[in-house]
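Undergrad: Okay, sequence plus prediction incoming.
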Amino acid sequence: MAYEKDLRLLEASITGDLETVLEMLDEGQADINCRGMYGLTPVMWAAWNGHTRVVQFLRFKLANMSLVTDSGNTILHLACDGGEVQTVEFLLERKFVDINARNKFGKTAAEMASGKGHQKVVDLLKSFDE
């Protein structure tokens, strides 16, 4: 039963359904740091898909921002891969993770953003790394 509720929270985070995320957490129905496919938590899925408001809400509800995925990606890696500038900026301003952290493949968040052609994200990362 708990698994189904965690799955619902993960799905809502992936799609950016803030209303369902609110409902699931306000009623204590799901684990805010549950893990789904590839070891991603709800806040990681929201960051990867550029759902900044969901990321902000999950952080407010004390989601663990320092966890990593099965391949060693931080929440910043995922946000940079997704390319949503507002989400990346939120994470950088609060210094949730090391901007130069490398995943299990040796890639930084900037390298992930660059590989996807997210130049605005790369520029933003450079401005925070100085």
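TA: Received it, and whenever you're ready, just let me know what you need.
Undergrad: Which pLDDT value belongs to the closest residue to Gly50 other than its chain neighbours?
TA: Among residues not flanking Gly50 along the chain, Glu84 sits closest, at 2.9 Å (Cβ to Cβ, 6 or more residues apart in numbering). The C-beta positions use only the backbone N, C-alpha and C, and glycine is treated the same way. Glu84 carries a pLDDT value of 97.
Undergrad: how far away is Glu84 from Tyr3?
TA: 29 Å (Cβ to Cβ, to the nearest Å).
Undergrad: Looking at these two, which one has more neighbours?
TA: Glu84 (21 against 10; other Cβ atoms under 10 Å).
Undergrad: show me the contacts for that one.
TA: Residues near Glu84 by Cβ atoms under 8 Å, 6 or more residues apart in numbering: Asn49, Gly50, Thr52.
Undergrad: and if you look at Leu91?
TA: Here Leu91 is in contact with Ala47, Val55, Met65, Ile75, Leu76, Ala79, Val97 (criterion: Cβ under 8 Å, 6+ apart).
Undergrad: Quick check on it: phi, psi?
TA: phi -70, psi -40 (degrees, to the nearest 10).
Undergrad: hang on, the earlier thing: can the contacts of Leu91 go into a markdown table with extra columns for secondary structure and distance to Gln29?
TA: Shown next, in a markdown table, are the contacts of Leu91 (DSSP: H, G, I helix; E, B strand; the rest coil; distance: Cβ to Cβ, whole Å):
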| residue | secondary structure | distance to Gln29 |
| --- | --- | --- |
| Ala47 | helix | 22 |
| Val55 | helix | 20 |
| Met65 | coil | 21 |
| Ile75 | helix | 23 |
| Leu76 | helix | 28 |
| Ala79 | helix | 26 |
| Val97 | coil | 28 |
